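1. Predicted model and sequence below, questions to follow.
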Amino acid sequence: MAILEILKIPDARLKQISEPVERFDDALHAFVADLEDTRQVGPAAVGIAAPQVGHFQRVVILDCSQTHKPVPNHGHLILVNPEIIHWDGFELGREGCLSVPDYTGNVIRAARIKLVAQDLQGHSHEYEMIDYEARALQHEVDHLDGLLFLDRVVSRRADLFQRKVYQKGGNKKKKA
């Protein structure tokens, strides 16, 4: 297993649109293991998308089960070729990102979503997500489409905030 380098703004590759995964082979499994190792060392990262490490395939890892307060979630998910097929309601919330380490911002996202995705064997699954998990998933899918939360901040003047330095252990900021 390896810790992969996180691409950070202003790296132009973060704007690249990712291609669908077509081969569910050992190379995909090995990459996902490295991506998970990378997510786990990221400060309080609940999610990571393949393009954040320069791998432009539609792969997302999401785990909202370890947040500071209990939230409805599906636990640890590896989502290949995720596609949001329905969304409902809107909520404003603060987001951060491993690829934007110095800022957080207020973003409007759907409050409830339904998505389809494949697992590592290529089998299709459908998920319904709400609240924080829905927000985190939308954030990660944006990475697959070459978007950052900065592209969705309500107002750069009023809704973009300088991030405080991460602390090791104790009070960690949550990142999607």
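-> Perfect, I can see it now. These figures come from a predicted structure and were not determined experimentally. Numbering: from 1, shown residues only.

2. which residues in the chain form helices?
-> 26-41, 131-144 (DSSP state H).

3. center of this structure, which residue is that?
-> In the chain, the centroid-proximal residue (C-alpha atoms, centre = their mean) is E140; its distance is 2.9 Å.

4. thinking that residue is in contact with L62, fair?
-> Yes. Counting by C-beta atoms under 8 Å, E140 does reach L62; the two are 6.2 Å apart. For glycine as for every other residue, the C-beta is placed from the backbone atoms N, C-alpha and C.

5. so which of the helices of the chain gets nearest E91?
-> For the helices of the chain, proximity to E91 was assessed by C-beta to C-beta; helix 131-144 is nearest, at 7.3 Å.

6. Mutual contacts of E140 and L62, please.
-> Jointly contacting E140 and L62 under the rule C-beta atoms under 8 Å, 6 or more residues apart in numbering are G47.

7. pLDDT score for the residue of the chain most remote from its centre?
-> Ranked by distance from the centre of the chain (C-alpha atoms, centre = their mean), the top residue is R157, with 24.3 Å. Note for R157: predicted pLDDT of 81.

8. T38: neighbour count?
-> A count of nearby residues for T38, using other C-beta atoms under 10 Å, gives 21.

9. wait, isn't it in contact with L7?
-> No. Applying C-beta under 8 Å as the test, T38 and L7 come out as separate, 11.3 Å apart.

10. Next, show the common contact partners of these two.
-> Taking C-beta under 8 Å, 6+ apart as the criterion, T38 and L7 both touch V53.

11. Any regions of this protein where pLDDT drops low?
-> 165-176 (pLDDT under 70).

12. Where do the strands of it begin and end?
-> 47-49, 59-63, 76-97, 100-118, 124-130, 160-162 (DSSP state E).

13. any idea which of those strands is most buried?
-> strand 47-49 (a mean of 27; mean count of other C-beta atoms under 10 Å).
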